[in-house]
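Chemist: Predicted structure and sequence below. I'll ask about it afterward.
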Amino acid sequence: MQRVTPQDANAVISADDFAQTVVNWQRQHGRNDLPWQQHNDPYHVLVSELMLQQTQVKTVIPYFQRWLEQFPTFTALANADEQEVMACWQGLGYYRRARNLQAAAQKVVADYQGTMPQAMEELREIPGVGPYTVGAIRAFAFDAPAAIVDGNVKRLLGRLFTLPYVVNKSTHDKYFWELSEHYTPTVNNRRFAQGLLDLGATVCKPRQPTCELCPLQKVCCAYQQDCVEDYPKREVKARIPTRPGHFCLDINGQGVVLEQRPADGIWPSLWSLPECKEAPQGKPLTRFKHTFSHYKLDGHVWVTSLPPSDRPRRRIEPEHLANIGLPAPIRKLLEQLNWDEVCQIQL
Ligand code: SF4
């Protein structure tokens with residue numbers, strides 16, 4: 001693999017020209033009305049950045065608004081009950097982000113009197129804040145220089161410089177970071193970072209990029225060589241496996257039995273139907289599918305007696321399900337279930 005150095009890239013477009021082009025484009029065509037852009041508040045930036053990991057902007061907006069109503073400050077979030085936090089996050093998936101967000105708020109309150117630090121070394125110590133989020137917080141909250149690399153930036157750079165680096169694995173991330181650092185300006189960082197993300201999300205899109213609207217078209221190597229479809233490079237992924245999961249239903253007039261899941265693994269700390277290792281005798285009442293990043297769950301739901309467990313269990317009435325953190329597919333299942341019918345089966 002032939003490495004593309006910052007000097008090679010600079011021969012295509014200089015750092016100053018690149019920054020100026022992105023900043024000018026963002027000012028005219030970028031997204032400037034997102035809810036978390038209105039105050040540049042570090043807390044708002046942190047919440048939005050964690051929500052936006054693996055999740056699209058349009059999905060995040062209502063969650064972000066509800067979150068700020070319920071937990072308006074670092075202190076409110078730091079002191080909140082964990083179950084309230086998980087309930088507010090439910091449906092967004094990747095629940096570890098919610099726990100990290102609360103742990104981050106607790107650290108900011110405990111170590112920095114509720115004020116987000118600006119220094120990179122301090123930001124790196126905050127739970128849930130990885131290299132991308134450090135850059136995003138510095139740029140969006142403080143308008144300070146810091147490189148950012150995410151899927152959008154990798155795709156844009158991959159096409160712009162016809163990079164041989166793969167974007168769907170971390171193998172070549174250090175080279176993307178090296179280029180991103182080279183192109184990070186010392187001023188206008190908020191607009192520059194937003195411009196990079198906006199270009200990747202709205203123009204240099206994963207499929208059918210609108211090159212005719214791109215301010216970098218004249219220098220884009222993939223466009224000039226008519227090989228945009230060949231970039232960015234991706235490593236072909238193995239198909240993810242499907243695994244069965246067996247969930248037990250115990251419903252009566254007082255509600256359904258839920259069990260709190262372990263803090264590690266899928267759906268950490270959420271309440272769910274108790275699981276059994278083996279399929280019970282007979283036929284499942286219903287089935288559901290859910291896709292995680294590393295496998296597909298083929299869920300079987302059984303009306304059966306519960307297996308022994310040392311995990312906390314509670315019987316919850318249907319009207320109280322809204323106040324408890326449940327995995328989205330389990331919530332959907334319980335909402336669609338005919339509870340009277342299940343009670344009859346159990347009698
Ligand atoms: Fe992406 Fe097309 Fe712009 Fe090149 S010209 S950076 S491929 S949108």
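Modeler: Done, it's in. Here the structure is a predicted model, which means the values were calculated and not measured.

Chemist: what does the model give Gln346 for pLDDT?
Modeler: pLDDT recorded at Gln346 is 67.

Chemist: do the same with Gly255
Modeler: The per-residue pLDDT reported for Gly255 equals 92.

Chemist: Please apply the same query to the one 10 residues further on.
Modeler: Note on Gly265: pLDDT of 87.

Chemist: hey, where'd the strands end up in this structure?
Modeler: For the chain, strands defined by DSSP state E occupy the ranges 242-249, 251-252, 255-260, 271-272, 275-276, 286-291, 296-303, 313-316.

Chemist: Nearest to the ligand, out of these?
Modeler: Closest approach to the ligand among those (Cβ to the nearest ligand atom): strand 286-291, 28.8 Å. All C-beta atoms are positioned from the backbone trio N, CA, C, and that covers glycine.

Chemist: who does that closest one pair up with?
Modeler: In the sheet, strand 286-291 lines up against strand 296-303 (antiparallel) (DSSP bridges).

Chemist: Just the buried residues of the partner strand, please?
Modeler: Buried residues in strand 296-303, counted by 16 or more other Cβ atoms under 10 Å: Leu297, Gly299, His300, Val301, Trp302, Val303.

Chemist: ok, now stretch 165-181?
Modeler: For stretch 165-181, burial by neighbour count (16+ other Cβ under 10 Å) applies to Tyr165, Val166, Val167, His172, Asp173, Tyr175, Phe176, Trp177, Glu178, Leu179, Ser180, Glu181.

Chemist: Name the surrounding residues that touch it.
Modeler: If you take Cβ atoms under 8 Å, 6 or more residues apart in numbering as the criterion, stretch 165-181 is touched by 1, 3-6, 9, 131, 147-149, 151, 153-155, 157-158, 161, 163, 232-235, 237.

Chemist: got it, and stretch 193-212?
Modeler: 22-23, 25-26, 29-32, 37, 57, 135-136, 139-140, 146, 148, 150-153, 155-156, 159, 213-217, 220, 223, 228.

Chemist: Start and end of that stretch, how far apart?
Modeler: End-to-end span of stretch 193-212 (Cα to Cα, to the nearest Å): 22 Å.

Chemist: Give me the buried positions along it.
Modeler: Ala193, Gln194, Gly195, Leu196, Leu197, Asp198, Leu199, Gly200, Ala201, Val203, Cys204, Pro209.

Chemist: ok, so what distance separates the first one from Ser48?
Modeler: Summarising the geometry, the distance separating Ala193 from Ser48, computed by Cβ to Cβ, to the nearest Å, is 13 Å.

Chemist: got it, and the second one?
Modeler: From Gln194 across to Ser48, the span is 12 Å (Cβ to Cβ).

Chemist: now Thr202
Modeler: As defined by Cβ to Cβ, Thr202 lies at a distance of 17 Å from Ser48.

Chemist: Same check on Val187?
Modeler: Taking Cβ to Cβ, one finds Val187 at 23 Å from Ser48.

Chemist: now swap in Thr242 and tell me
Modeler: 34 Å.

Chemist: Which of those two has more residues huddled nearby?
Modeler: A direct count of neighbours by other Cβ atoms under 10 Å for Thr242 and Ser48 places Ser48 higher, at 23 against 11.

Chemist: Surely the more buried one touches Val60?
Modeler: Yes: counting by Cβ atoms under 8 Å, Val60 is a contact partner of Ser48 at 6.8 Å.

Chemist: Leu46: what's it in contact with?
Modeler: Leu46 touches Leu101, Ala104, Met116, Val129, Thr133, Ile137, Ala141, counting by Cβ under 8 Å, 6+ apart.

Chemist: Centroid-nearest residue for the chain?
Modeler: In the chain, the residue lying closest to the centroid (Cα atoms, centre = their mean) is Gln53, at 2.3 Å.

Chemist: Report the buried residues of whichever helix in the chain runs longest.
Modeler: The longest helix of the chain (DSSP state H) is helix 96-112. Using 16+ other Cβ under 10 Å as the test for burial, helix 96-112 gives 96-102, 104-109.

Chemist: Now tabulate those in JSON lines and tack on distance to Trp89 and pLDDT.
Modeler: Compiled in JSON lines, the buried residues of helix 96-112 are given as follows (distance: Cβ to Cβ, whole Å; pLDDT from 0 to 100):
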{"residue": "Arg96", "distance to Trp89": "10", "pLDDT": "89"}
{"residue": "Arg97", "distance to Trp89": "7", "pLDDT": "93"}
{"residue": "Ala98", "distance to Trp89": "4", "pLDDT": "94"}
{"residue": "Arg99", "distance to Trp89": "9", "pLDDT": "93"}
{"residue": "Asn100", "distance to Trp89": "11", "pLDDT": "95"}
{"residue": "Leu101", "distance to Trp89": "8", "pLDDT": "97"}
{"residue": "Gln102", "distance to Trp89": "10", "pLDDT": "97"}
{"residue": "Ala104", "distance to Trp89": "14", "pLDDT": "98"}
{"residue": "Ala105", "distance to Trp89": "13", "pLDDT": "98"}
{"residue": "Gln106", "distance to Trp89": "16", "pLDDT": "98"}
{"residue": "Lys107", "distance to Trp89": "18", "pLDDT": "98"}
{"residue": "Val108", "distance to Trp89": "18", "pLDDT": "98"}
{"residue": "Val109", "distance to Trp89": "19", "pLDDT": "98"}
